[in-house]
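Engineer: pasting a predicted model and its sequence here:
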Amino acid sequence: MSYREVMTGDVVRWGAVAVAARMPVAAAPLALVFLVRERPGGYALGAVLAAVYVVGEIVGAPLLGMRMRPERARPQLAVGLAVGALAFLALGALPHAHPGVLGTFAFVAGAAPAAAPGGLRALLTGLIPEKAVAQALSVESMLTFAIWAVAPAAVTGLALGASPVLPPLLAGGLMAASVAGLWLLPVGWHSDADDRGGESMVRILARAWPIFVTGAASLSMLALAELVLPALLEQRGIGVGWAGPLLACLAVGSATGSFVYGLRSWPGRLRTQSMVLMFAVSGCLAVVAVLPSGVGPLAAVLGVAGVLQAGAMLTRNLSLRETLPPSALAAGYSVMYAAVGAGYAASGSLAGGLLSVVAPSTAIPAGVGLGVVLTVIGVLGEVRPAGRAGVVSGGGEGAECAAVGGGGDAERRL
């Protein structure tokens, strides 16, 4: 199917709700830093609050996602988003509160709506024909990268140009609007609890662990690029101000890669595509560490890395849909959300520790090594006898398809 056939009125309404729900998530870490930066030790406190927020996401996503009922997902999504909206509004209304109070609000703001990305993705795939899943996920990916490109600039402009309390207040307002927008969408999506064959949700999700590991690997690469780039620019004698435009090249490349992936079918199994793309992203980041001084080459390599990284993430989401039964999809997407957050945090911690003892050009290969190790572990976990493969959505034979995207066997399996 073409993108034109996917862009129905229902999908457009879904997109509006998704923007309102996800813009606060993309804005939150930087908004928390700006909220308290003028207090004594403000930057350190802001970093702690941002970390607490991310921990809330990592904890909340699997716990709430596994309890979501597909046929009645809307009320659960609404409650989580409403509580998250209240937490954001409290952060904006009480910027001078005790750090412990702010930390509690930050944790709740991260945890309460953490199942929303997975639930909204499952709602999206329920709105379109089965054969258009790859295109729909590509549209979602493009929208997500656009949000992450806009949110940091918007937070910086509001916090510095007006007031640091505005970003969390606006985040709360947007999240509240997404609650109202949910009633423009279906109450849930079709599934049958019997498709799990009597197995518990935990056991079914546990069998998909290789996909979660490679998902974490893909975001660890992104964290490496974002967190080490300013230090690398300084090492090369390039203005640190170029970090923003260069990361924008990465985001534009990711949006482009998402679009291209959904245009056609691609050869090879999903796990093979994922492995090739992940190794290619690793190679791009390794090249970044040894490139001579110059903004142009860095922009080109980061743009290519973004294109490849988007494809890697899409193959993981498609693999998850292929591996899990419909009643477990929202939970699987939520666990993936937590896994990629953990991958980001692990890579960020590694990069931060290494930068205190080695040059940025040395820290990057070490971070790439972590991503490669996670990728290899995930790929080896997926390569197992068909008889031991997990529950397969749709009930057909074989856990993987020969092609994904626009046609062939992949269309019938997705």
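Structural biologist: Structure received. Numbering: from 1, shown residues only.

Engineer: and stretch 308-316, what's its mean pLDDT?
Structural biologist: For stretch 308-316, the mean pLDDT works out to 88.

Engineer: got the contact list for it?
Structural biologist: 134, 137-138, 141, 145, 211, 214-215, 218, 221-222, 253-258, 260-262, 270-271, 273-274, 277-278, 280-281, 284, 336, 404 (C-beta atoms under 8 Å, 6 or more residues apart in numbering). Bear in mind the C-beta positions are built from the backbone N, C-alpha and C, glycine included.

Engineer: where exactly do the strands run in the stretch 101-250 of the chain?
Structural biologist: Counting by DSSP state E, counting those that start in this stretch, one finds no strands in the stretch 101-250 of the chain.

Engineer: I misspoke; the intended subject was the stretch 251-400 of the chain.
Structural biologist: Per DSSP E, counting those that start in this stretch, the stretch 251-400 of the chain carries strands over the ranges 266-267.

Engineer: give me the low-pLDDT residue ranges for it?
Structural biologist: Within the stretch 251-400 of the chain, the ranges that satisfy pLDDT under 70 run 384-400.

Engineer: apply 50 and report the result again.
Structural biologist: 385-400 (pLDDT under 50).

Engineer: ok, the closest residue to residue 340 other than its chain neighbours - contacts?
Structural biologist: Spatially, and ignoring its direct neighbours in sequence, residue 340 is nearest to residue 219 (3.9 Å; C-beta to C-beta, 6 or more residues apart in numbering). Going by C-beta under 8 Å, 6+ apart, residue 219 touches 340, 341, 343, 344, 347.

Engineer: switch the cut-off to 7 Å
Structural biologist: 340, 343, 344 (C-beta atoms under 7 Å, 6 or more residues apart in numbering).

Engineer: export those to JSON lines and tack on neighbour count and distance to residue 227?
Structural biologist: Below are the contacts of residue 219 laid out as JSON lines (neighbours: other C-beta atoms under 10 Å; distance: C-beta to C-beta, whole Å):
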{"residue": "340", "neighbour count": "25", "distance to residue 227": "15"}
{"residue": "343", "neighbour count": "25", "distance to residue 227": "13"}
{"residue": "344", "neighbour count": "22", "distance to residue 227": "9"}
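
Engineer: dump those residues to JSON lines, plus distance to residue 171.
Structural biologist: Listed next are the contacts of residue 219 as JSON lines, based on distance: C-beta to C-beta, whole Å:
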{"residue": "340", "distance to residue 171": "21"}
{"residue": "343", "distance to residue 171": "24"}
{"residue": "344", "distance to residue 171": "19"}
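
Engineer: what sits against residue 165?
Structural biologist: 35, 92, 95 are the contacts of residue 165 under C-beta under 7 Å, 6+ apart.

Engineer: tell me how far it lies from residue 86.
Structural biologist: Separation of residue 165 from residue 86 (C-beta to C-beta, to the nearest Å) stands at 15 Å.

Engineer: re earlier: go through the contacts of stretch 308-316 and flag which are in helices.
Structural biologist: Assigned to helices by DSSP state H, the following of those qualify: 134, 137-138, 141, 145, 211, 214-215, 218, 221-222, 253-258, 260-261, 270-271, 273-274, 277-278, 280-281, 284, 336.

Engineer: buried subset of those residues?
Structural biologist: 134, 137-138, 141, 145, 211, 214-215, 218, 221-222, 253-258, 261, 270-271, 273-274, 277-278, 280-281, 284, 336 (16 or more other C-beta atoms under 10 Å).

Engineer: what's the burial count for residue 365?
Structural biologist: Counted with other C-beta atoms under 10 Å, residues neighbouring residue 365 total 18.

Engineer: surely it meets residue 288?
Structural biologist: No. Applying C-beta atoms under 7 Å, one finds residue 365 not in contact with residue 288, separated by 9.9 Å.

Engineer: mind listing what's buried in stretch 71-87?
Structural biologist: In stretch 71-87, counting by 16+ other C-beta under 10 Å, buried: 73-74, 76-78, 80-87.

Engineer: that concludes my questions; thank you for your assistance.
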